[in-house]
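Engineer: sequence and predicted model, in that order:
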Amino acid sequence: MLWETAPHHFFVLTCAIGGAAAFLAGRAAALAWRPMLQSVVYALLLTLAIRFFYYALLGGSFIVPAIASGDPSAIASTLYYTLIDGLVLSAAALLGYRVTRTSQMVTQYPWLYRRTSPLSWAPLDT
């Protein structure tokens with residue numbers, strides 16, 4: 001199961017709001033010519049924020065209270081939902097990074113590269 005509280009909470013909070021923020025974080029890393037790994041780090045920080053929103057607004061789990069309780073099943077459940085959110089947000093951040101980097105490469109170096117898809121470029125055939 002992908003969601004902890006309700007499907008619409010997952011789609012609105014994690015996919016829509018968190019995904020948009022992660023996409024923009026990936027875009028920001030690409031615009032600053034940072035490595036791709038930095039967009040994943042941003043996504044992991046956003047994961048903690050999204051998990052806190054689940055905890056504070058929807059009564060979901062958060063890692064600190066789960067560890068404080070000492071219950072292994074609560075810790076495992078919390079880590080599972082954190083992992084799901086982290087994967088979704090990392091995918092959105094990587095998508096934002098790659099779309100932006102492709103646009104940068106074909107715009108700034110039009111004599112070297114051509115766009116082959118929204119996510120890739122290739123050298124011009126000479």
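Structural biologist: Thanks, I have it. Residues are numbered from 1 along each chain as shown.

Engineer: all contacts plus neighbour counts: C-alpha atoms, from now on.
Structural biologist: Noted.

Engineer: check what pLDDT residue 56 gets.
Structural biologist: Looking at residue 56, its pLDDT reads 94.

Engineer: could you give the number of residues near it?
Structural biologist: 12 (other Cα atoms under 10 Å).

Engineer: residue contacts, the spatially most central residue of the chain?
Structural biologist: The chain has residue 89 as the residue nearest its centroid, 2.2 Å off, counting by Cα atoms, centre = their mean. By Cα atoms under 8 Å, 6 or more residues apart in numbering, the residues touching residue 89 are 14, 15, 18, 19, 22, 23, 43, 44, 46, 47.

Engineer: gap between the third one and residue 45?
Structural biologist: Distance, residue 18 to residue 45, using Cα to Cα, to the nearest Å: 11 Å.

Engineer: what touches both of these two?
Structural biologist: Between them, residue 18 and residue 45 share no contacting residue, judged by Cα under 8 Å, 6+ apart.

Engineer: the more surrounded of the two?
Structural biologist: For residue 18 versus residue 45, neighbours defined as other Cα under 10 Å are more numerous around residue 18 (25 against 14).

Engineer: look up how far residue 68 lies from that one.
Structural biologist: Counting by Cα to Cα - residue 18 and residue 68 are separated by 26 Å.

Engineer: how about the helix or strand bottoming out on mean pLDDT in the chain, which residues are buried there?
Structural biologist: Lowest mean confidence among the helices and strands of the chain (mean pLDDT, DSSP states H and E): helix 63-69, at a mean of 86. Within helix 63-69, the residues scored as buried using 16 or more other Cα atoms under 10 Å are 63, 66.

Engineer: helices and strands around it, which ones?
Structural biologist: helix 72-108 (3 or more Cα pairs under 8 Å, 6 or more residues apart in numbering; DSSP states H and E).
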